[in-house]
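**Student:** A predicted structure for the sequence below; I have some questions about it.
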Number of protein chains: 2
Amino acid sequence: MKLNERHLMQLAAVLDAGGVSEGAAMLGLTQPAVSRSLAMLEARVGEPLFLKGRRPLQATPLGFQLAAQGRTIITASRKASDAVQGFMKGTKGVVRVGGVPFFMDAMISRMIGEFQKLEPEVTVQQSYMNLPEMVAALESNQIDLGIVPIGVLDLGPGFEFTEILPGRNVVACRPDHPLLRNRRLRAHDLTSFPWVAPLPGSPLMSDLQMILMSIGMSDLNIRYSGGSLMSVINFLAETDALAVLPFSVVFAQRRENRVTVLPYEIPQPSRSLGILRRVSGPRSPAAERFAGHVTTAFENLKHIIKRHENAVVWGR
Amino acid sequence: MKLNERHLMQLAAVLDAGGVSEGAAMLGLTQPAVSRSLAMLEARVGEPLFLKGRRPLQATPLGFQLAAQGRTIITASRKASDAVQGFMKGTKGVVRVGGVPFFMDAMISRMIGEFQKLEPEVTVQQSYMNLPEMVAALESNQIDLGIVPIGVLDLGPGFEFTEILPGRNVVACRPDHPLLRNRRLRAHDLTSFPWVAPLPGSPLMSDLQMILMSIGMSDLNIRYSGGSLMSVINFLAETDALAVLPFSVVFAQRRENRVTVLPYEIPQPSRSLGILRRVSGPRSPAAERFAGHVTTAFENLKHIIKRHENAVVWGR
DNA sequence: CAGCTTCATAGCAAAACGCTATACAAGGGA
DNA sequence: TCCCTTGTATAGCGTTTTGCTATGAAGCTG
């Protein structure tokens, strides 16, 4: 007993509107069309759906039951239309963001929060990944965009990269670290403290290598590794350990006052933080909108970050 | 942006089944038909619903969203079909029963309970009414059947009456009523006690008149009226008042031992309790089934009731 | 790269759907 | 009671949709 969904919808409309003509109008149809649909539905069901010979057209209990289903079909159909509308306007749907762990935790998660206030009907699915997996995830369409630091040279074909922040690493430590008392830091000052290693596979890992080399540390004095940003900060706050972090990450923690920056210039990677997207493939307007939000947010933040570094770290 | 509900269902089926061919089979269609529907839906939406060039056919987020709506449409459609099936088998739907208050409270409500155990998916809507309103309610199709005592002559055209119990009234009182100590009751014994009047409009009301006349009581010594069965029984149990009740009603209360029957023969009305239905009009199988249940229940109960009266009331 | 599987397209027939015009039936008022 | 208004059903017709079979194209797999 397969019923025609269209007929069920028309039944619901008729009962809700209180008449065939009204129901037809509600659906943008003419009265005869709906009348016939009802007759066909009734024939299919084999039971009367209306009490015959009654002017304000009264339905039988079965008629009401079927109308209830018709109503949910109408609702579902409307929701589907709304989903498409919302999708195209970018006000509905899902944005799947992958990103490097520290930066996602420090900056992007806050921006996702801001974005939610603007677009409450957009769901954001965050995931953590580094460049290789990110490329794979983008290609297999598992994420809409990635937040990652890359060098311009690394950009493969079919991908588009929007810079949001120049990469700038610093050495982070707790605010009452003994080294902060030194007027002028030398490379060998830094070698006598333990270091925190970032998550394996992270771009910070290679940065760290480079820095340790530049300060003449042959082998790593790694005392802690594998922690997420919150873990690393907790660790730093409790010990005299040092860590290589993007300055923006330290900047994002400025209010908590648990980590600060050692005024010591280190070699900088030739990478920029940015948004990685596929050129082709289906583009979600919600994702575009999110990317726009992140971009402008950093546009506004860029010079504040710069000023903060100059003032707080270098005392300029 | 009105989408075709059928297309949404097919999309859902395809995603759930994991392929166009499988989804088509699930709906009893061929693969090309579904393939075209998907193409049409995609064209209508204007956004890709699938990632092109991927063999295990992966959907975009928007595709998933629309499929979710398609799923609810499929479910609703299935529910509608089930409702029809259940309606025809009498295992689903609504039975609207109207009946005279005392009898509904004493007997029918219990049977509705039994019936629910047999047909848990049938909803019973009970309402209280006497003959005139019952006829109107049946004619305007507000109830499916009525439980009422009527004389054969009272049966109007277009109605059908199924007797379930011969009408038999008794005088009820509490078990330790002083009159029960009398060996042989006379009419004037009954006149010295107050009487309970049934609900106005009830057939019992005229029965009461008849009885009072037969025992030579010119004016009514009514001390209580208007209560439902539970109220009347509570009242009887607390006082020495007498009441005219159908024997079956007292019978139904035998376990509670709060009312009993005065062994005094009173004039009997020429009415029978039964089920009143319309001959024409839509008949709900669930209602038929319920009527059948009530009928057979009383068929089984009839002789028990008779035996009980003989044994307990008349000591035979 | 060959073969298998899976999806897309073509072409056609039947059914469904929509419309306008019109007939019919139920209530309401004179 | 009769007629008029209002609302529903039917007729007839053209267009669109939906289904099918046959066949082509594109990924995946060994």
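**Tutor:** Yep, it's here.
**Student:** Residue A:32 and DNA strand D, how far apart?
**Tutor:** 3 Å (CB to the nearest atom of the strand, to the nearest Å). (Each C-beta comes from the backbone N, C-alpha and C, glycine too.)
**Student:** and that residue, which of the three is it?
**Tutor:** The assignment at residue A:32 comes out as helix when based on DSSP: H, G, I helix; E, B strand; the rest coil.
**Student:** burial of it, as a residue count?
**Tutor:** When neighbours are defined as other CB atoms under 10 Å in any protein chain shown, residue A:32 has 11 of them.
**Student:** Over to the one 4 residues further on?
**Tutor:** By other CB under 10 Å, 12 other residues sit near residue A:36.
**Student:** helices or strands next to the helix or strand hosting it in the packing?
**Tutor:** Secondary structure from DSSP states H and E places residue A:36 in helix A:31-45. In terms of contacts (3 or more CB pairs under 8 Å, 6 or more residues apart in numbering or on different chains; DSSP states H and E), helix A:31-45 is packed against helix A:5-17, helix A:20-27, helix A:61-89.
**Student:** Show me which of the ones you listed has the highest average neighbour count.
**Tutor:** Neighbour counts (mean count of other CB atoms under 10 Å in any protein chain shown) averaged over each of those peak at helix A:5-17, with a mean of 23.
**Student:** Return the list of helices and strands in contact with it.
**Tutor:** When contacts are defined as 3+ CB pairs under 8 Å, 6+ apart, helix A:5-17 packs onto helix A:20-27, helix A:31-45, helix A:61-89, helix B:5-17, helix B:61-89.
**Student:** pLDDT weak spots in the stretch 101-250 of chain A?
**Tutor:** A:220 (pLDDT under 70).
**Student:** Mind telling me which residue of it is nearest DNA strand D?
**Tutor:** DNA strand D sits closest to residue A:140 of the stretch 101-250 of chain A, with a gap of 9.8 Å, by CB to the nearest atom of the strand.
**Student:** Residue A:285 and residue A:94 touch, don't they?
**Tutor:** No. Look at residue A:285 against residue A:94 with CB atoms under 8 Å: they stay out of range, at 11.6 Å.
**Student:** between the helices and strands packed on helix A:5-17, which gets nearest to DNA strand C?
**Tutor:** When those are compared by CB to the nearest atom of the strand, helix A:31-45 sits nearest DNA strand C, at 3.5 Å.
**Student:** so that closest one versus helix A:61-89, what angle?
**Tutor:** Interaxial angle of helix A:31-45 relative to helix A:61-89 (axes from the mean of the first three to the mean of the last three CA atoms, to 10 degrees): 120 degrees.
**Student:** before we move on, back to that, show me what counts as buried in the helix holding residue A:36.
**Tutor:** A:34-35, A:37-38, A:41-42, A:45 (16 or more other CB atoms under 10 Å in any protein chain shown).
**Student:** Which one of the residues you listed is nearest to DNA strand D?
**Tutor:** residue A:35 (3.8 Å).
**Student:** how much space between residue A:106 and chain B?
**Tutor:** To chain B, residue A:106 is 27 Å away according to CB to the nearest CB, to the nearest Å.
**Student:** List of residues touching stretch A:102-122?
**Tutor:** Contacts with stretch A:102-122, where a contact means CB atoms under 8 Å, 6 or more residues apart in numbering or on different chains, come from A:86, A:90-95, A:97, A:99, A:124, A:126, A:128, A:147, A:149, A:198-199, A:202, A:204, A:228-230, A:232, A:245-246, A:248-249, A:252-253, A:273, A:286, A:289-290, A:293-294, A:297.
**Student:** no no, stretch A:258-268
**Tutor:** Residues contacting stretch A:258-268 (CB under 8 Å, 6+ apart): A:167-175, A:177, A:179-180, A:185, A:190, A:210-211, A:214-215, A:233-234, A:236-237, A:242, A:244-245, A:247, A:250, A:253, A:309, A:312-315.
**Student:** Drop anything exposed from those.
**Tutor:** A:167-174, A:177, A:179, A:190, A:211, A:215, A:233, A:236-237, A:242, A:244-245, A:247, A:250, A:253, A:309, A:313.
**Student:** Which ones among those residues map onto helices?
**Tutor:** A:190, A:211, A:233, A:236-237, A:247, A:250 (DSSP state H).
**Student:** Show me which residues of chain A are close to DNA strand C?
**Tutor:** Taking CB under 7 Å from any atom of the strand as the contact definition, chain A meets DNA strand C at A:4, A:6-7, A:28-30, A:32-33, A:36-37, A:40, A:52-55.
**Student:** cutoff 10 Å now
**Tutor:** Where chain A comes near DNA strand C, counting by CB under 10 Å from any atom of the strand, the residues are A:4-7, A:9-10, A:24-25, A:27-37, A:40-41, A:44, A:51-58.
**Student:** List the contacts of residue A:191.
**Tutor:** Residues in contact with residue A:191 (CB under 8 Å, 6+ apart) are A:215-217, A:221.
**Student:** what's the spacing between it and residue B:248?
**Tutor:** Distance of residue A:191 to residue B:248, given as CB to CB, to the nearest Å: 102 Å.
**Student:** Could you do residue A:261 as well?
**Tutor:** Relative to residue B:248, and taking CB to CB, residue A:261 is found at 93 Å.
**Student:** What of residue A:215?
**Tutor:** Remark: distance between residue A:215 and residue B:248 (CB to CB) = 102 Å.
**Student:** from memory residue A:224 sits against residue A:234, does it?
**Tutor:** No. Using CB under 8 Å, residue A:224 is not in contact with residue A:234, being 10.1 Å away.
**Student:** which neighbours do those two share?
**Tutor:** If you check residue A:224 and residue A:234 against CB under 8 Å, 6+ apart, no residue is contacted by both.
**Student:** Please report the distance of the closest residue in space to residue A:129 that isn't next to it in sequence from DNA strand C.
**Tutor:** In this structure, residue A:129 finds its nearest non-sequential neighbour in residue A:98, 4.6 Å apart by CB to CB, 6 or more residues apart in numbering or on different chains. For residue A:98, the distance to DNA strand C (CB to the nearest atom of the strand) stands at 27 Å.
**Student:** Tell me the secondary structure at residue A:98.
**Tutor:** Quick answer, by three-state DSSP: residue A:98 is strand.
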